[in-house]
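[1] Got a sequence here, can you build the structure:
(chains A, B and C)
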Amino acid sequence: MTRFRPGRLLLQLSCLLIAIWLVAPTLVVIPMSFADRKSLAFPPQGFSTQWYANFFANPQWFGSLVVSLKIAAMVAVVATIIGTMAAIGIERLKTRAGGIIRVLLLTPMIVPGVVLAVGIYAVYLDTRLVGTWTGYVLAHTLLAIPFVVIAVGANLAVFDARLETAAASLGASRLTTFFTVTLPLILPGILSGALFAFVTSFDEVIVSLFITSPQLKTLPVQIFSSMTRDADPTVAAVGSLIFLATTLIIGLGLIFGLRRRGA
Amino acid sequence: MSVLTGRAPRGALLLTLPAIAVLLLVMAVPFGVIVLRSFAEPVPGLANYVWFFQTPVNLTVLARTFTIAFWVTASCVLVAYPYAFAMSIAGPRLRLVLIMCVLVPFWVSGVVRTLAWVILLQDSGVINRILLALGFEKVRLIRTQLGVTIGMTQVLLPFMIMPLYAVMRGIDLRLLQAARSLGAHPVKSFFQIYLPLSLPGVFAGATLVFILSLGFYITPLLLGGPQSTMLSTLIQQQVLSLLSWGRGGAMGVVLLVATFGVLALAGPFMRRRYQISGGSR
Amino acid sequence: MNAVSNEAASKGAAIDIDGISKFYGSFTALEKVSLRVEPGEFMSFLGPSGSGKTTTLNLIAGFTDLSGGDIRLDARSIGHVPAHKRNIGVVFQHYALFPHMSVAQNVAYPLKQRRVGKAERTRAVEEALRKVQLDSFAHRYPSELSGGQQQRVALARAMVFNPSLLLMDEPLGALDKKLREVLQLEIKRIHRELGSTFVYVTHDQEEALVLSDRIAVFNKGRIEQVGTGQALYTAPQTLFVGQFIGESSVLRGPHRSAGGETVLTVAGTTLAAPGAARGEGAQVILLRPEAVMVQAPGTGPQEGRSNILSGVVREMLYLGSAMKYEVTLADGSHVTARTPTQGAPFALGATVELAWRPQESVLLADDGSTAGH
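    I've put the predicted structure just below:
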């Protein structure tokens, strides 16, 4: 490899640029969030923390955060249970049917969001689910299940099923085997699936835009409508907080994941 | 009897039932309603589809949707390839950093990232200020096709990098060493050995990015203008502003068919005909 | 270069390795190694992992850069020639077949790089595949072949362009014992047919003995000894070589010289070995199991077996034509003996006498090596 040096340098340089391009644009919201005036013009003038204060004081903003957190928590629980069951079922089927079910369960990831949102909106109008907790949780669960199926499925794929046979031969019942052998071993997959489900719901905006109501509004919807209405730097403050939280969670997740593999 | 090795397929099917129920209720039924209404409202028949394909604006938007999707996909391939390659050959520490750089934007809400692009691309935004400082003309980026393409490429890049990385990680780099021992120049060995082996990943990522681009909504809506409207925005207008469920539905069906059509066409290219690692099994 | 004149076997190249070193940061992988491989010779690099044998091979192939010294192929320096211009065939342990190419395309690859015409290429590929008995598999893909078949394809690919030197890096390491023996014979046959120089890296001493004209034993980034298998077995120059090749027992004790020989005191008994002490330090006697006779206590010297030690049978194995004994001496050390099966064997725990001729003791400097490969 040593004779490849000019190519290597070019590769390193282009990677650095791409990494900056991936991360840096989002960072622009951070200076904006400390702007003095109510404007999104760059560079921001002055320094103030009023937009952060506004975010926590204004019920429109803070209320939508609470709503989003509650919905995301419920989705994380529901989607993780349903998705984990499905992943185990698919793994056990081991046939064409299992493969087909898996592909079907992954489709919500790739269908055009607006078409799905319009359809769900139509159904919700008829069933009075618009602007309800149930409506949000159902729709977000659909979108979160694929991530759980992928995360748990990846873990099951490397799970040695003979361990279950071994546990059975040692006298464990089916249920005991599941809770004492299978579950602890696929727990990392389940946990990352739950995290994915939470974030999916917390970030979801397209379907939420259609099924929202003034009384029950999620944070991304609030950000979106603020952006289309006026240039309120509060969105930048929220954006900065979300960016920080996401970086922290993923960083910790990666480091823990790596450490466990190292151990 | 155990949960994974049990021999009752009926029990296994039962486990997938709740997920399938959600899929049916929240995806299949809504799609069914859309298809139905596109044929039934306001009068039964093909009127909505005839209207769609006979209105020049619609066709312009449809063509533009495909054009933007194409450019976004092409840019993603070009940018993602060296990056994913670097990820696959990097040491564990550097790889962690590179993965972080992909995952963080991936999980930061798309709305927030689009907001950042609005700030960057606006007429008095960062990019134009840099251009002015360098002595260039101001470029109109926001509410243009170029702006939409730039923003979408950045938002969708992780979807290109991850599948590509997954394939590249499995390529045995020692094959390049073997090629050199057989007389191939390093550049040649890259094009003859590495590139063909990485193609399934390119196709998988490109297909994903292309179909996601076709249905992209938030970014084109906030970064785009009347001259860069994509199909998703048109659907939303028909349904929410004009309350025309039939026409909106027909457009939705066109978008769905386009999405699955692309997927079906690309399917065979993503399959690997051979084992990717040349090593011992 | 005329790459494909298969009818007349190409002449092998001479390799001159001239004081080569390889450092990775502060780690020394190879230090000032010199070696000459004769044209057409089958040379094995034998040693434990990390001994520098694969590093040497990679340096010859050009996969790694030299830190010092030079390598010459037929008197032409190749130290700074890029790998793809060295014209050296390499067979890897991991086969390294291109998975997206058929068997025929894999074998044709080096010929394409050398712009050999299509007709000539087809002919050469067919011939190479026939040599490894895979002519009917030309259109299969590597993943459809067994491990042994894949390695045969790799062999065909490495020799199809008639390189004057063929390097093999533990090519049989991933295969099971039976298959390994079959392929060893084939490699030997191909070496004879081609007439090229072969350099074969292995950590398996039996394999090295079966295949090679000469063996270079590597240890800790140096070559300990170069010689024929027989020379290494009967006259090892270091304790490491003696223990690495074949089975052996090592006896340690204070020594003094006595005339033309050296006498060691082991477990209270004096033992004679031919020759003067090696260097200043402690000396050992290396014994091959077949040299040692196991006899009843009090038998005394028979047929010149004047070195006699007493011990207790700790383990006995019946090997058909022979019996193998593990005997523990009074000082706690062990001696392995292999004797033809005759009469009633000695029982476990029995006290026996071990006897051998002094000239069968190999006297070596104690370099601290312990058996265990």
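[2] What's the local residue count around residue 217?
    Reading this off chain A. For residue A:217, the tally of surrounding residues (other C-beta atoms under 10 Å in any protein chain shown) stands at 19. Every residue, glycine included, has its C-beta placed from N, CA and C.
[3] The intended chain is chain C.
    Residue C:217: 27 neighbours (other C-beta under 10 Å).
[4] Who does it form a beta bridge with?
    For residue C:217, the beta-bridge partners under DSSP bridges are residue C:46, residue C:225.
[5] measure it to residue C:236 for me?
    Residue C:217 sits 9 Å away from residue C:236, going by C-beta to C-beta, to the nearest Å.
[6] my hunch is that residue A:26 is in a helix, does that hold up?
    Yes: secondary structure of residue A:26 (DSSP: H, G, I helix; E, B strand; the rest coil): part of a helix.
[7] circling back to that earlier point, joint contacts of residue C:217 and residue C:236?
    Common contact partners of residue C:217 and residue C:236 (C-beta atoms under 8 Å, 6 or more residues apart in numbering or on different chains): C:225, C:245.
[8] Report the distance from stretch B:156-174 to the chain centre.
    15 Å (C-alpha atoms, centre = their mean, to the nearest Å).
[9] And it, what's buried?
    Along stretch B:156-174, these residues count as buried under the neighbour rule (16 or more other C-beta atoms under 10 Å in any protein chain shown): B:156-165, B:167-168, B:170-172, B:174.
[10] Identify the residues contacting that stretch?
    By C-beta under 8 Å, 6+ apart, the residues outside stretch B:156-174 that reach it are A:22, B:72, B:76-77, B:79-81, B:83-85, B:87-89, B:102-103, B:105-106, B:194, B:197-198, B:200-202, B:204-206, B:208-209, B:212-213, B:216, B:276-279, C:92, C:94, C:96.
[11] May I see the PyMOL selection of the buried members of the residues you listed?
    To isolate the buried ones among the contacts of stretch B:156-174 in PyMOL, judged by 16+ other C-beta under 10 Å, type:
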select buried, (chain A and resi 22) or (chain B and resi 72+76+77+79+80+81+83+84+85+87+88+102+103+105+106+194+197+198+200+201+202+204+205+206+208+209+212+213+216+276+277+278+279) or (chain C and resi 92+94+96)
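[12] Could you list which of the contacts of stretch B:156-174 belong to helices?
    Among the contacts of stretch B:156-174, the ones falling in helices (DSSP state H) are A:22, B:72, B:76-77, B:79-81, B:83-85, B:87-89, B:102-103, B:105-106, B:197-198, B:200-202, B:204-206, B:208-209, B:212-213.
[13] you'd agree residue A:163 is up against residue A:185?
    Yes: the pair residue A:163 / residue A:185 is scored as a contact, 7.3 Å apart, by C-beta atoms under 8 Å.
[14] Can you name the next helix or strand after the host helix or strand of residue B:154?
    Using DSSP states H and E, the element containing residue B:154 is helix B:145-169. Using DSSP H and E, the helix or strand that directly follows helix B:145-169 along the chain is helix B:174-181.
[15] Now tell me which helix or strand of chain B has the poorest mean pLDDT.
    Least confident helix or strand of chain B, by mean pLDDT, DSSP states H and E, is helix B:126-133 with a mean of 82.
[16] List the buried residues for that helix?
    Buried-residue list, helix B:126-133, by 16+ other C-beta under 10 Å: B:126-128.
[17] Run the contact check for that helix versus chain A.
    Yes: residues of helix B:126-133 contacting chain A under C-beta under 8 Å from any C-beta of the partner chain: B:126, B:129.
[18] Dump that helix to CSV, restricted to CA.
    Extracted in CSV, the C-alpha atoms of helix B:126-133 (Å, rounded to 0.1, in the frame of the first residue of the first chain):
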residue,chain,number,x,y,z
VAL,B,126,-23.3,32.0,4.1
ILE,B,127,-22.5,30.6,0.7
ASN,B,128,-23.4,33.8,-1.1
ARG,B,129,-21.3,35.8,1.4
ILE,B,130,-18.3,33.6,0.7
LEU,B,131,-18.9,33.9,-3.1
LEU,B,132,-19.0,37.7,-2.8
ALA,B,133,-15.9,37.8,-0.6
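[19] Counting by contacts, list what it packs against.
    helix B:110-121 (3 or more C-beta pairs under 8 Å, 6 or more residues apart in numbering or on different chains; DSSP states H and E).
[20] can you list contacts of the helix it packs on?
    By C-beta under 8 Å, 6+ apart, helix B:110-121 touches A:25-29, A:32, A:40, A:42, A:203, A:205, A:220, A:223-224, A:227, A:235-236, A:238-239, A:242-243, B:105, B:125-127, B:141-142, B:147, B:150-151, B:154-155, B:218-219, B:222-223.
[21] now the angle between helix B:110-121 and the least confident helix or strand of chain B, please.
    Going by axes from the mean of the first three to the mean of the last three C-alpha atoms, to 10 degrees, helix B:126-133 is angled at 20 degrees with respect to helix B:110-121.
[22] what residues does helix B:126-133 touch?
    Against helix B:126-133 from outside (C-beta under 8 Å, 6+ apart): A:28, A:42, B:119-122, B:137-139, B:141.
[23] what's the answer for stretch C:320-331, then?
    For stretch C:320-331, the external contacting residues (C-beta under 8 Å, 6+ apart) are C:253, C:266-268, C:289, C:294, C:309-317, C:334-341, C:345-346, C:352, C:354.
[24] And those, which of them are buried?
    For the contacts of stretch C:320-331, a burial check counting by 16+ other C-beta under 10 Å picks out C:253, C:266-267, C:289, C:294, C:309-311, C:313, C:316, C:335-339, C:346, C:352, C:354.
[25] rewinding a little: filter the contacts of helix B:110-121 to the buried ones?
    A:25-26, A:28-29, A:32, A:40, A:42, A:203, A:205, A:220, A:223-224, A:227, A:235-236, A:238-239, A:242-243, B:105, B:125-127, B:141-142, B:147, B:150-151, B:154-155, B:218-219, B:222-223.
[26] so does stretch B:216-226 get close to chain A?
    Yes: Stretch B:216-226 reaches chain A (C-beta under 8 Å from any C-beta) through B:216-218, B:222.
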